[in-house]
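# after the sequence you'll find the predicted model.
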Amino acid sequence: MRIAISDDALALACGADAVAEAIAKAAPDAEIMRVSSWGMSWLEPLVEVDGIGYGPATVSDVAAILDGSSSLNIGKIADYPFIARQQRLTFARAGITQPLDLEDYQATGGWLGLAQAREIGPDAIIETVTGSGLRGRGGAGFPAGIKWKTVAGADGPQKYIVCNADEGDSGTFADRMLMEGDPYCLIEGMAIAGLAVGADKGFIYARSEYPHAIAKLNAAILVSAHIVAPFEIEVRVGAGAYVCGEETSLLESLEGKRGEVRAKPPLPALEGLFGMPTVVNNVLTLAAVPYILANGAKAYADYGMGRSRGTMPIQLAGNIKHGGLFETAFGITLGELVNDIGCGTESGRPVKAVQVGGPLGAYHPASDFHLPFDYEAFTAADGLIGHGGIVVFDESVDMLSQARFAMEFCAVESCGKCTPCRLGSVRGMEVLDRIKAGGRATADPIESLPQMHNAPKQGRSVDEELSLVTDLCETMKFGSLCALGGFTPYPVMSAIKHWPEDFGKAADMVKDKS
Amino acid sequence: MDKTARLDEIVAAHAGRDGPLLPILNDIQAEFGCVDEAAKRHLAAALNLSRAEVHGVVSFYHDFKSVPSKLPVLKLCRAEACQARGGEALAADIAAAAKEKCEIEAVYCLGLCSVGPNAMIGQDVHARLDVQKLTRLIESL
């Protein structure tokens, strides 16, 4: 009997270790493997017995699972609709291999991309990556091939590959799953990038909230050092600053400084880490590269729509019945993801809002469900796909609170270098608090001073406060140095636009009628 | 071993690394539960930095504390995905019960966004929390 249970952090948080122990005790002869996670979070801990899945399992289910009588039986996992509907290129090994087992990795096509890269050389590697249409999966969507070409063409005594593994966006966990479940894939991708641009040193900047991923990476780097040599990789751990996910802030942090954003230009590709030409790519971007090299640019580019080529590991999170990792070609609609694949809300109440792309992404109402998952389509709808995280909220959510939280988060996490972000976020919180209180009846003491010539000398209505917050968002959007201040307006303005009733507009309208 | 000698050991362990300050600070925080004034001055001298430069870095990052916490720290996720699953109500309900037993710290995302509300104690993660489960967890500390 071959039994597989995930040792992914999510499975552990749901009690996988206790279940694995109980199985080892009840079936001493069985071969128990700790594998990566299939990404079906609602079924974790998922126990796989000779291909058949049982989940979510508890210790008390073990006896029934072992004799096959458990009602948790979901049938053959590989045929389960949530898995069968996916197009898994980057996560092809998820749920199947043991994360640190080199033989497992090799047997499932590991190192083929690196071998191909070594054979064809730097120019052809860059050509292949460019031809695949791969764009930065961290959120900005910049073509990876062009970035690599810039670094390859830059002069410098030392070049670096930096992997951005500071996955701080709420609702995203694909980087964590990949680092924990398939660390060699990331290592291979970085080694290929190193070959392409002429870098022999790589850093993985991982967040401190991911201790399991850090441990797996360190172990994997040690075991695979001889395979990727002379390329070397070092894991660096962050210290709880969200803004360090921004590439220039990340570089500052890697250099041992405050994680303050740098002004661009110079581009990190030309003057990056320690002033040297540096490739900064997200985990998912680098992890897509081995497939592209092993199977060719066309195999990857055949997936997707428009200028969004290939697949995107989409993360379904929040109040959703079937949450987890769903990798598929670009072009699937938001509605399909939330309703067909995620099966609606876990609470069973209607969906009110869906936030796409993390804390800096817009809130979308159900009327946006026709939007295809595609960089350009979301930009056109005043949103962004970011790192591919989707957080579902049911009707109980108050959008004014969510807008205020966006400002509060920006205030807490701002690096403080530019004023629109540092001050704008605090002022934004204050204005939204006043909107919640129904506007301000009396004049502001500062605004009342005689030297404040242009300030209003009486209280403000909700409408006036709303135009103030709109103006503030405009300033933050166009005046901030990086995406933290620049994108915080997305959740705020989308909430105001789609749910004006939550901002006291409905009350006003009722008043007008009476 | 006194603290200064241990600090020197930590610095020495990272010798030869480029930009070693953050890994050093992470080690100091893990070992002593804080990066205090004495440690900052010692590091500044050891790394040929000004005390202000070291202080600037220490004060920037949420993970570094100036005094060690007296109670165990429970990091409760307060980000959007956990909010959507009742995290805010849970944080409010648990505050009183936790007072004597642990320090509750807000953390923004533990990467377990489909099974929240989530918490982390040390390196252990806990998912699908409700008031009963979290209360049991706190009592076990």
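Good, I have the coordinates. Numbering: from 1, shown residues only, chains lettered A, B, ... in the order given.

# which stretches of chain B form helices?
Counting by DSSP state H, the segments of chain B that form helices are B:3-13, B:21-32, B:37-47, B:51-60, B:80-83, B:87-98, B:131-139.

# wait, which of the ones you listed is closest to chain A?
Of all the helices of chain B, helix B:21-32 sits nearest to chain A, with 3.3 Å by C-beta to the nearest C-beta. Glycine gets a C-beta too; all of them are placed from N, C-alpha and C.

# and residue A:436, its phi and psi?
Note on residue A:436: its backbone torsions stand at phi -60, psi -40 [degrees, to the nearest 10].

# which one of the helices of chain B is the most hemmed in?
Highest mean neighbour count of those: helix B:80-83, a mean of 32 (counted as mean count of other C-beta atoms under 10 Å in any protein chain shown).

# surely residue A:395 meets residue A:349?
Yes. Look at residue A:395 against residue A:349 with C-beta atoms under 8 Å: they come within range, at 5.2 Å.

# in chain B, what spans have low per-residue confidence?
B:1 (pLDDT under 70).

# related to what we said a few turns ago, please convert the helices of chain B to a markdown table, extending it with distance to chain A.
Listed next are the helices of chain B as a markdown table, based on distance: least, C-beta to the nearest C-beta, whole Å:
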| stretch | distance to chain A |
| --- | --- |
| helix B:3-13 | 12 |
| helix B:21-32 | 3 |
| helix B:37-47 | 8 |
| helix B:51-60 | 4 |
| helix B:80-83 | 4 |
| helix B:87-98 | 8 |
| helix B:131-139 | 11 |
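
# setting aside sequence neighbours, what's the nearest residue to the closest residue to chain A within chain B?
Residue of chain B nearest chain A, by C-beta to the nearest C-beta: residue B:114 (2.8 Å). Using C-beta to C-beta, 6 or more residues apart in numbering or on different chains and skipping residues adjacent in sequence, the residue nearest residue B:114 is residue A:323, 2.8 Å away.

# and for residue A:77?
Closest to residue A:77 by C-beta to C-beta, 6+ apart is residue A:53, at 4.1 Å.

# a strand runs through that neighbour, doesn't it?
Yes. Residue state for residue A:53 (DSSP: H, G, I helix; E, B strand; the rest coil) corresponds to a strand.

# nearest to residue A:490, out of the helices of chain B?
Closest approach to residue A:490 among the helices of chain B is made by helix B:80-83 (12.8 Å; C-beta to C-beta).

# elements contacting the closest one?
Under the contact criterion of 3 or more C-beta pairs under 8 Å, 6 or more residues apart in numbering or on different chains; DSSP states H and E, helix B:80-83 touches strand A:311-318, strand A:389-394, helix A:399-413.

# who touches it?
Contact with helix B:80-83 is made by A:170-171, A:317-318, A:355, A:359, A:389, A:391, A:397, A:402, A:405, B:109, B:113-114, B:116-118, as judged by C-beta atoms under 8 Å, 6 or more residues apart in numbering or on different chains.

# the residue nearest in space to the middle of chain B: what's it in contact with?
Central residue of chain B (C-alpha atoms, centre = their mean): residue B:63, 4.5 Å from the mean position. The contact partners of residue B:63, taken as C-beta under 8 Å, 6+ apart, are A:208, A:238, A:239, A:240, B:26, B:29.

# of all pairs in those residues, which one is the farthest apart?
Every pair of the contacts of residue B:63 checked by C-beta to C-beta; the farthest is A:238 and B:29, at 12.2 Å.

# if we can go back for a sec, how near is the residue nearest to the centre of chain B to residue B:12?
Computed as C-beta to C-beta, to the nearest Å, the residue B:63 to residue B:12 distance reads 22 Å.

# ok, now which ones touch the residue nearest to residue A:77?
The contact partners of residue A:53, by C-beta under 8 Å, 6+ apart, come to A:38, A:43, A:46, A:47, A:73, A:74, A:75, A:76, A:77, A:80.

# swap the cut-off to 7 Å and go again
A:43, A:46, A:74, A:77, A:80 (C-beta atoms under 7 Å, 6 or more residues apart in numbering or on different chains).

# closest one to residue B:124 out of the residues you listed, please.
residue A:46 (20.1 Å).

# now the closest one, nearest residue through space, not along the chain?
residue A:55 (3.7 Å).

# ok, the one you found - contacts?
A:43, A:44, A:45, A:46, A:47, A:72, A:74.

# switch to 10 Å and redo it
A:5-6, A:11, A:14, A:19, A:38, A:40-48, A:61, A:65, A:70, A:72-74, A:77 (C-beta atoms under 10 Å, 6 or more residues apart in numbering or on different chains).

# give me the pLDDT value at the residue nearest to residue A:77.
Looking at residue A:53, its pLDDT reads 97.

# before we move on, what about the one 3 residues further on?
Among the per-residue scores, residue A:56 holds a pLDDT of 97.

# state the number of residues packed around the nearest residue to it once chain neighbours are set aside.
For residue A:56, ignoring the flanking residues on the chain, the nearest one in space by C-beta to C-beta, 6+ apart is residue A:43 at 5.5 Å. The tally of other residues near residue A:43 (other C-beta atoms under 10 Å in any protein chain shown) stands at 24.

# this completes my enquiry, with thanks.
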